[in-house]
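what's the 3D shape of this:
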Amino acid sequence: MTKEFDVVQLDVHHLRVIRAIADTGSLSRAAIALGVTQPAVSAQLKRLENMLGYQLFDRCEGGVTPTPMGELLLRRTAALLPQLDKLLEDIEQRVCPSGPPAVVRVAAVASALVACLPSLVTRLWPEVSEVQVVHDDHPERLLPLLAQRRAELALVKDYPGYELEIPANVDTAVVVTEPTFVLLPAFHPLAREKVVDLCDLRDESWVMVSDSSAATFTKYFADTCARHGFTPSFTHQVTSQQVALLVVKAGAIGLSQPICDPGDHGVVTRPLRGDVLPRRHVLAWNKETFVAGRREELLSAVVDAYWAEARTAPVYAEYLAGPREW
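The predicted structure follows:
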């Protein structure tokens, strides 16, 4: 029995999904390569298999392998994606041979710098009519977007010993290496101090964001605590920084970026002595796009924007002006 289906429904996006799954041998690794979530890849594959009426991959403990129908589809379409990518590149170069596209796509994790990027881009490239910002707190999903030319710029964060893997056709520059601050309830005895020793918090209950996007930072923090001779007690797992502030107000201890303003939540921020939890803000772009020609100007503008924002955070500004032994 032959299954009939509408071939018009088989689009380029479907081809990218099955190609990524075949190349990586795993739905989760394909999701990272595509810059989407693993459930999204699973759902897309299921819809495609339902539409075609054939199973394309066999699921096994070690990942996935193409079925005979999957092999046929991959073999017949192997040359299409490179040709389409080259066509899109040629169109982009013909429409805008020496400058940026009309719409610039920025991929970014949450930070104080995100809001300033659109104005910086349009200031450097006035011909840009629109800047679209895609937010995703999984930085490992964002850099592949640059490699695949699905974004022009990215702003991500990483940590010493947990640096991001950079695709071969992507360049990066460090905007700033900043400290991590501790969040304390206003009534905590250490809230009266200008700076806090991490070891003084060894017996505290910690609140951490439990989303998978925070997994790398949580491990980085736990490893840092281990080097200081203790294991942190992650008593509270929350889904957002806003909820974390409420838990800190009730007595737990949290962590934040130094520019974070807890507002009127009964919470204070304090620097950790010795900058024991540094993090990097990293600007990234595809080497072959318009950004490369003015990367130094863009980096300088982003750095200036960071320090301008830092000066508006009272505790951070005091820290920056304080003695270096902090």
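
hey, let's count contacts and neighbours off CA atoms from now on
Will do.

shaky segments in the stretch 51-200 of the chain?
88-98 (pLDDT under 70).

got phi/psi on the closest residue to Ala168 other than its chain neighbours?
The shortest distance from Ala168 to any non-neighbouring residue, by C-alpha to C-alpha, 6 or more residues apart in numbering, is to Ala147 (7.9 Å). Here is the backbone geometry of Ala147 (degrees, to the nearest 10): phi -60, psi -40.

what comes up buried for stretch 13-22?
Using 16 or more other C-alpha atoms under 10 Å as the test for burial, stretch 13-22 gives 15, 17-22.

contacts only, for the residue nearest the centre of the chain.
Residue closest to the mean C-alpha point of the chain, counted by C-alpha atoms, centre = their mean, is Pro139 at 2.2 Å. Neighbour list for Pro139: 108-109, 156-157, 164 [criterion: C-alpha atoms under 8 Å, 6 or more residues apart in numbering].

coming back round to it: possible to save the buried residues of stretch 13-22 as JSON lines with pLDDT?
Formatted as JSON lines, the buried residues of stretch 13-22 follow (pLDDT from 0 to 100):
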{"residue": "Leu15", "pLDDT": "84"}
{"residue": "Val17", "pLDDT": "88"}
{"residue": "Ile18", "pLDDT": "88"}
{"residue": "Arg19", "pLDDT": "88"}
{"residue": "Ala20", "pLDDT": "88"}
{"residue": "Ile21", "pLDDT": "91"}
{"residue": "Ala22", "pLDDT": "89"}
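
re earlier: buried subset of the contacts of Pro139, written for ChimeraX?
Buried members of the contacts of Pro139, defined by 16+ other C-alpha under 10 Å, are picked up in ChimeraX with:
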select :108,109,156,157
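
how many other residues sit next to Pro189?
When neighbours are counted by other C-alpha atoms under 10 Å, Pro189 registers 9.

one more: Glu297?
So Glu297, with other C-alpha under 10 Å, has 12 neighbours.

contacts only, for Leu298.
120-121, 124.

just those now: which is nearest Ser28?
Val121 (32.8 Å; C-alpha to C-alpha).

measure the closest one to Leu45 for me?
From Val121 across to Leu45, the span is 36 Å (C-alpha to C-alpha, to the nearest Å).

got the residue ranges for the helices in the stretch 151-300 of the chain?
With DSSP state H, counting those that start in this stretch as the criterion, the stretch 151-300 of the chain has helices at 215-227, 241-249, 295-310.

which one of the ones you listed lies closest to Arg75?
The nearest among these, by C-alpha to C-alpha, is helix 215-227 at 37.0 Å.

can you give the distance of that closest one from its chain's centre?
Put simply, helix 215-227 sits 18 Å off its chain's centre (C-alpha atoms, centre = their mean, to the nearest Å).

so which bits of the strand or helix carrying Arg47 are buried?
Assigned by DSSP states H and E, Arg47 belongs to helix 38-52. Using 16+ other C-alpha under 10 Å as the test for burial, helix 38-52 gives 38, 41-42, 44-45, 48, 51-52.

with just CA atoms, put that helix into PDB.
Presented in PDB, the C-alpha positions along helix 38-52 are these (Å, rounded to 0.1, in the frame of the first residue of the first chain):
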ATOM      1  CA  GLN A  38      14.700  19.200  22.200                       C
ATOM      2  CA  PRO A  39      10.900  18.900  22.600                       C
ATOM      3  CA  ALA A  40      10.500  21.200  19.600                       C
ATOM      4  CA  VAL A  41      12.800  18.900  17.400                       C
ATOM      5  CA  SER A  42      10.800  15.800  18.600                       C
ATOM      6  CA  ALA A  43       7.500  17.500  17.700                       C
ATOM      7  CA  GLN A  44       8.800  18.600  14.300                       C
ATOM      8  CA  LEU A  45      10.100  15.100  13.500                       C
ATOM      9  CA  LYS A  46       6.800  13.500  14.600                       C
ATOM     10  CA  ARG A  47       4.800  15.900  12.500                       C
ATOM     11  CA  LEU A  48       7.000  15.200   9.500                       C
ATOM     12  CA  GLU A  49       6.800  11.400   9.900                       C
ATOM     13  CA  ASN A  50       3.000  11.700  10.300                       C
ATOM     14  CA  MET A  51       2.800  13.800   7.100                       C
ATOM     15  CA  LEU A  52       4.900  11.400   5.100                       C
END
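
noted, bye for now.
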